[in-house]
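Q: sequence-free structure coming up:
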Ligand SMILES: CC(=O)SCCNC(=O)CCNC(=O)[C@H](O)C(C)(C)COP(=O)(O)OP(=O)(O)OC[C@H]1O[C@@H](n2cnc3c(N)ncnc32)[C@H](O)[C@@H]1OP(=O)(O)O
Ligand SMILES: CC(=O)C(=O)O
Ligand SMILES: [Mg+2]
């Protein structure tokens, strides 16, 4: 039987910090991946602090097997040497079935646990994986004398993980969020795409054929087709599961680094559906994520106007010919709350939101 309501928030080791009741909504528009064992990338990290919401030292896939220990030690060195300020510091450890996952957790928590905000766990299959990490982290936190719990983020990248999504989100008070892992997930599902995230030209819907004067379909006449989103179903499941459990959903990686336009589209779809951020694999993608996952000035102006017009938030009003009521004011509150969180850490955005004229409101 899983833990009862009474003991769900009790520390899992004597001396471990008390779990959080609520996961803070910290800005995390871009989770920027770097390999701490790659000298060129690692050298850039100190200058990136403050310009990206999350810096993530990646130890898993994309790090060669022969470099795993070098990357782990590189991350320890970066963690010790860097003052991250308002930028969050995360890591992605190796998977729990790998020879490196245990050493990653033990080394990182005992050496730089006071700096780490979130540990991303790849290839999570079910609640049992989170329970394992939860207990181990509590033991290590107690040993290291940490005074705040490290949070856990799961990557959904197996069919079993997607099928168990609700139990994964509910497995521990440490659960901070979920990311889509489209590459491993595509392989595990035996999907026939070799892309890392994004759409696919073969996954489309075509408009009906036109008909001639006798009503005969003209199958050979040109017809518009619309590319569909391969990841819509999974992202939508993630958004519901995360919202239900008070944690945060993220789009994962977009592998075509040079296709900044399609990357922006994919990130925006995720933003509109409810995701709070996406991964950045290359510095060019940070700019895209910061733009896309920040509400536009127009949306914030409209939301403030609706909130002001709605007074106590009940009833119905007409604004610019559209009905607004108790439900739409809640939508507007979501927009304004996000704008305020982002403005608190992003001075340029704050200036734009502050410049919204009272007349606009
Ligand atoms: C499916 C998954 O698991 S996705 C997650 C795992 N994958 C990753 O983490 C990949 C991370 N990113 C990368 O490895 C690299 O960006 C690559 C391989 C995609 C491209 O690298 P490059 O070919 O070197 O890109 P490019 O030449 O444009 O780099 C320009 C500069 O930015 C640096 N750079 C590239 N990516 C990053 C990064 N993620 N962080 C910091 N600096 C970076 C390069 O070192 C280079 O530095 P320089 O100007 O001093 O030479
Ligand atoms: C993100 C990731 O790990 C994947 O797509 O497999
Ligand atoms: Mg993966």
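A: Okay, I see it. Predicted, not measured: the structure shown is a model, and the values here were computed from it. Ligands and ions are numbered 1, 2, ... in the order given.

Q: and the residue in the stretch 251-361 of the chain positioned nearest to ligand 2, what does it touch?
A: In the stretch 251-361 of the chain, no residue comes nearer to ligand 2 than residue 252, which is 4.2 Å away by C-beta to the nearest ligand atom. From N, CA and C alone the C-beta is placed, and that goes for glycine too. By C-beta atoms under 8 Å, 6 or more residues apart in numbering, residue 252 lies in contact with 155, 179, 180, 181, 182, 197, 278, 279.

Q: Count the neighbours of the closest residue to residue 183 other than its chain neighbours for me.
A: What sits nearest to residue 183 in space, not counting adjacent residues and going by C-beta to C-beta, 6 or more residues apart in numbering, is residue 196, at 4.7 Å. Residue 196: 17 surrounding residues under other C-beta atoms under 10 Å.

Q: pLDDT at residue 196, what is it?
A: Looking at residue 196, its pLDDT is 97.

Q: how about the residues of the stretch 151-300 of the chain near ligand 1?
A: 183, 196, 253, 257, 281, 282, 283 (C-beta under 6 Å from any ligand atom).

Q: how about residue 72, what does it touch?
A: Residue 72 neighbours (C-beta under 8 Å, 6+ apart): 36, 37, 59, 100, 103, 104, 107, 108.

Q: ok, 10 Å please
A: 36-37, 57, 59, 63, 91, 93-94, 100, 103-104, 107-108, 111 (C-beta atoms under 10 Å, 6 or more residues apart in numbering).

Q: for residue 204, same thing?
A: 224, 225, 226, 227, 228.

Q: Quick one: those as JSON lines, columns for secondary structure, pLDDT and neighbour count too.
A: Listed next are the contacts of residue 204 as JSON lines, based on DSSP: H, G, I helix; E, B strand; the rest coil; pLDDT from 0 to 100; neighbours: other C-beta atoms under 10 Å:
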{"residue": "224", "secondary structure": "coil", "pLDDT": "97", "neighbour count": "8"}
{"residue": "225", "secondary structure": "strand", "pLDDT": "96", "neighbour count": "10"}
{"residue": "226", "secondary structure": "strand", "pLDDT": "95", "neighbour count": "8"}
{"residue": "227", "secondary structure": "strand", "pLDDT": "94", "neighbour count": "13"}
{"residue": "228", "secondary structure": "coil", "pLDDT": "94", "neighbour count": "13"}
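
Q: Go through these and name the one nearest residue 170.
A: Residue 170 lies nearest to residue 228 out of these, by C-beta to C-beta, at 30.7 Å.

Q: where does the nearest residue to the closest one once chain neighbours are set aside fall, phi/psi-wise?
A: Of all residues not flanking residue 228 in the chain, residue 203 sits nearest, at 5.1 Å (C-beta to C-beta, 6+ apart). With angles defined as degrees, to the nearest 10, residue 203 sits at phi -100, psi 90.

Q: Can you tell me how far residue 203 is from residue 48?
A: Counting by C-beta to C-beta, to the nearest Å, the separation of residue 203 from residue 48 is 35 Å.

Q: Which of those two has more residues huddled nearby?
A: residue 48 (16 against 13).

Q: residues in contact with that one?
A: By C-beta under 10 Å, 6+ apart, the residues touching residue 48 are 32, 34, 41, 55, 82, 87, 283, 286.

Q: Residue 183 belongs to a helix, doesn't it?
A: Yes: applying DSSP: H, G, I helix; E, B strand; the rest coil, one finds residue 183 inside a helix.

Q: Residue 25: neighbouring residues, count only.
A: Neighbours around residue 25, by other C-beta under 10 Å: 12.

Q: what secondary structure does it sit in?
A: Looking at residue 25 with three-state DSSP, the answer is coil.
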